[in-house]
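[1] Have a look at this prediction, sequence included:
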Amino acid sequence: MVVLMVGSVFLFWGRGKTTTNGAAVSEARGDVFRGMISNMAVQPGPLQGMGVYDRSCKMLGNGLTACDAGIQTEEYGLLNFKYQHNMQQQPCLAPNDLVAVRILDAQGNAEIERRY
């Protein structure tokens, strides 16, 4: 199952536009989420991944919801990403969403960008 999911990431990841030098790039939807990787130690840098689950969504007030998203990556396996967002402006990260993960620091702070 994991191999199939990871293979799907690479299959669909290459379907983006190409740059003038022929390299494939994905377009962002504009949905960027900031939060923290909570289940393991990670090192700063970029990753690619796919959404696996969305759970534990709890209303915080002021339109914000706190959620946990599972993101499957080749480098770390399954990452749990804790984040807050306004569901009226950005839907939760969902299973099969292709995402770009940017680990910001060794404490696990991260930015996730949903991709086409």
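    Perfect, thanks for sending it. Everything numeric in this text was worked out from a predicted model, so none of it was measured.

[2] is it true that I103 touches M40?
    No: using Cβ atoms under 8 Å, I103 is not in contact with M40, being 11.0 Å away. The way it works is simple: take the backbone N, C-alpha and C, and place the C-beta from them, glycine included.

[3] Show me which of these two is the more surrounded one.
    The neighbour comparison of I103 against M40 (other Cβ atoms under 10 Å) goes to I103, with 21 against 11.

[4] Next up, the contacts around the more buried one.
    By Cβ atoms under 8 Å, 6 or more residues apart in numbering, the contact list for I103 reads I37, V42, Q43, P44, G45, P46, L47, N109, A110.

[5] Equivalent analysis for L79, please.
    Shown in contact with L79 (Cβ under 8 Å, 6+ apart): I37, N39, M40, V42, G49, G70, I71, Q72, T73, V101.

[6] So among those residues, which ones count as buried?
    I37, V42, G49, G70, I71, Q72, T73, V101 (16 or more other Cβ atoms under 10 Å).

[7] Can you tell me the element the second one falls in?
    This points to V42. Here V42 sits in a region with no helix or strand, counting by DSSP states H and E.

[8] now it: how far from G108?
    6 Å (Cβ to Cβ, to the nearest Å).

[9] Quick one: the helices in the protein, in order.
    2-13 (DSSP state H).

[10] least trustworthy helix or strand in it by mean pLDDT?
    Ranked by mean pLDDT, DSSP states H and E, the helix or strand of the chain with the weakest confidence is strand 17-18, at a mean of 39.

[11] Y116: which of the buried ones among the contacts of L79 is nearest?
    Using Cβ to Cβ, G49 comes nearest to Y116 of these, at 14.8 Å.

[12] Looks like that closest one contacts G70 (just checking).
    No: shown here, G49 and G70 do not form a contact pair, counting by Cβ under 8 Å, at 9.4 Å.
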